[in-house]
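*Asks:* Here you go, sequence then predicted model.
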Amino acid sequence: MPELPEVETVCRGLQKSIQGKKLARLELRRRDMRFPFPKNLVAATRGAVIRNITRRAKYILIHLDNGQIILVHLGMSGRLVIADAADKTPPAKHDHVIFHLDGGMRLLFNDARRFGLVDLATAEILPKHRFFAHLGPEPFDDGFTAQSLATGLKNKKIAVKLAIMDQRVVVGVGNIYASEALFEAKIDPRRSAGSLSPAEVKTLWAAIRAVLTRAIAAGGSSIRDYVQTDGELGYFQHQWAVYDKQGEKCRKCTCPLQKTGGIKKIVQGGRSTFYCPAKQK
DNA sequence: AGTGTCGCCTGAATGC
DNA sequence: TGCATTCAGGCGACAC
């Protein structure tokens, strides 16, 4: 599933492959994905030149020279695939949106589960857009500090795992990286957000950045053509310390597995959490 | 306002 | 082999 590092990697790839190209037309192969497509989506983008591609949280922003911004969210199963002009392969199952570029190149948005979305905005309305208005700081921006994290967690009774997944606190920490960051910080995911000491908050802040940095590096280093064609390319999964590792020993663990049971899986807010009961306090 | 829960959706994995 | 069930999850929407 695409998380922030994967979305970042896809954005970098799109900058190389489609930036500066003219969007001949968008082809919508159904009327909606997670949400209905905006009525003017095709008309408002026809013939525009793609100026730049950026990322905000897990949204891909395709900036057009006519002032429109196409918002793309990959959801759970979304992937963007480049098909060059010579590629005459007919659309595959779940190819819901096709960007036809001048010269015959296509960008295919394939999303089996349709948790993804495509929407339209302008720079002016973006901060007020319903998907963006509530977003907190980017994890690598100056606005995300140990202090801002402390403020986000302060007095909260919800579990710290759920708190750091709250997009108002910091964007981009999904279910996997929440578990990974808490393991790195040696903090029990079940603890209430407000119970962390200033020192623990600072450790957690650094851990969130470290985990995401490593994940982006993994994506960037193993990527082949930058736009993921198999949906898994460059994924961080081989570096997971606890995620999906229930019953296993954690990294460099010397605990007796029979006694501790190893990494534990619990459910918080309807989502799986993985942690080491011995190391995370 | 803070918190908890639901639902969208399909394919893979599992169970009988 | 085949059918039914369960699970995965980002995040907006909603209920309290």
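*Replies:* Good, I have the coordinates. Because the structure is a prediction, the values reported are computed rather than measured.
*Asks:* For the closest residue to A:Cys250 other than its chain neighbours, give me its contacts.
*Replies:* Nearest non-adjacent residue to A:Cys250, counting by C-beta to C-beta, 6 or more residues apart in numbering: A:Cys276, 4.3 Å away. Using the backbone N, CA and C atoms, a C-beta is placed for each residue, glycine as well. By C-beta atoms under 8 Å, 6 or more residues apart in numbering, the residues touching A:Cys276 are A:183, A:242, A:250, A:253, A:262-264.
*Asks:* Give me the lowest-pLDDT entry from the residues you listed.
*Replies:* Among those, A:Cys253 carries the weakest pLDDT, at 78.
*Asks:* Next up, identify which helix or strand it is on.
*Replies:* Counting by DSSP states H and E, no helix or strand carries A:Cys253.
*Asks:* from the middle of its chain, how far away would the helix or strand where A:Val267 lies be?
*Replies:* Using DSSP H and E, A:Val267 sits within strand A:264-268. Computed by C-alpha atoms, centre = their mean, to the nearest Å, the separation of strand A:264-268 from the middle of its chain amounts to 22 Å.
*Asks:* Stretch A:50-70 too?
*Replies:* 16 Å.
*Asks:* pLDDT of it, averaged?
*Replies:* 95.
*Asks:* in it, what's buried?
*Replies:* A:50, A:53, A:55-64, A:68-70 (16 or more other C-beta atoms under 10 Å).
*Asks:* In strands only, show me those residues.
*Replies:* A:50, A:53, A:55-56, A:59-64, A:68-70 (DSSP state E).
*Asks:* just so I have it, where are all the helices in the stretch 151-281 of chain A?
*Replies:* A:160-164, A:175-185, A:198-222, A:257-260 (DSSP state H, counting those that start in this stretch).
*Asks:* what's the answer for the stretch 1-150 of chain A, then?
*Replies:* Under DSSP H, counting those that start in this stretch, the stretch 1-150 of chain A gives helices at A:4-17, A:41-45, A:146-153.
*Asks:* Can I get those in CSV including distance to A:Ala121, mean neighbour count and mean pLDDT?
*Replies:* Formatted as CSV, the helices of the stretch 1-150 of chain A follow (distance: least, C-beta to C-beta, whole Å; neighbours: other C-beta atoms under 10 Å; pLDDT from 0 to 100):
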stretch, distance to A:Ala121, mean neighbour count, mean pLDDT
helix A:4-17, 16, 21, 86
helix A:41-45, 10, 16, 96
helix A:146-153, 25, 18, 95
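*Asks:* residues contacting the residue lying closest to A:Thr89 once chain neighbours are set aside?
*Replies:* Counting by C-beta to C-beta, 6+ apart, A:Ala83 is the residue found nearest to A:Thr89 once chain neighbours are left out, at 6.5 Å. Residues counted as contacts of A:Ala83 (C-beta under 8 Å, 6+ apart) are A:89, A:105-108.
*Asks:* buried subset of those residues?
*Replies:* Of the contacts of A:Ala83, these count as buried by 16+ other C-beta under 10 Å: A:105-108.
*Asks:* close enough to count as contact, A:Lys157 and A:Ala193?
*Replies:* Yes - with contact defined as C-beta atoms under 8 Å, A:Lys157 reaches A:Ala193; the gap is 7.5 Å.
*Asks:* What parts of the stretch 151-281 of chain A come near DNA strand B?
*Replies:* A:156-159, A:162, A:193, A:269-270 (C-beta under 7 Å from any atom of the strand).
*Asks:* ok, and the most crowded of these?
*Replies:* A:Ala193 (24 neighbours; other C-beta atoms under 10 Å).
*Asks:* Centre of the chain to the helix or strand of chain A with the lowest mean pLDDT, how far?
*Replies:* Of all helical and strand segments in chain A, the minimum by mean pLDDT, DSSP states H and E falls on helix A:257-260, at a mean of 74. Distance of helix A:257-260 from its chain centroid, counting by C-alpha atoms, centre = their mean, is 35 Å.
*Asks:* No further queries at this time; thank you.
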